[in-house]
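Participant: Just need the structure, nothing else, for what follows:
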Amino acid sequence: MKRQTYTPEMKERAVRMLIEASGDYPSTWSAIQTIAPKIGCTPETLRSWHKKHIDQTIPASVQAQSEKERIKELERENRELKQANKIIGKAAAFFVQAETGRPPR
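Facilitator: Numbering: from 1, shown residues only. Alright, predicted model coming up:
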């Protein structure tokens, strides 16, 4: 199978098209799958061009920082959910005791 070559302009145009259209799709991958055949490449090729574009435009330190912030946010959310579960458990125990007249096991 002959390998297709694409000009840098073609790659740039395809990525720009993907970025502009991705809001119309539920995910970036679904946009890639729709757009790739229209420009004559495989979805994986377009995905790799898009990833290179993202890597070049967003500095690694910013990506790492946002990942750290996301981890902190998820850890905080996890603590809040654990606290909420404890409260719900205590409330359930209270209602069991009120309904049956005896403490829960």
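Participant: Tell me where this structure is predicted with low confidence.
Facilitator: Applying pLDDT under 70 to the chain flags the ranges 1-2, 60-63, 103-105.
Participant: again, only using 90
Facilitator: Low-confidence segments of the chain, defined by pLDDT under 90, span residues 1-6, 22-23, 54-71, 73, 96-105.
Participant: State the helix or strand in which Lys82 lies.
Facilitator: Assigned by DSSP states H and E, Lys82 belongs to helix 60-100.
Participant: Show the contacting residues for the residue nearest the centre of the chain.
Facilitator: Central residue of the chain (CA atoms, centre = their mean): Ser27, 8.9 Å from the mean position. By CB atoms under 8 Å, 6 or more residues apart in numbering, Ser27 lies in contact with nothing. The way it works is simple: take the backbone N, C-alpha and C, and place the C-beta from them, glycine included.
Participant: what comes up buried for whichever strand or helix holds Met10?
Facilitator: Assigned by DSSP H and E, Met10 falls within helix 8-21. For helix 8-21, a neighbour-count test (16 or more other CB atoms under 10 Å) marks Lys11, Ala14, Val15, Leu18 as buried.
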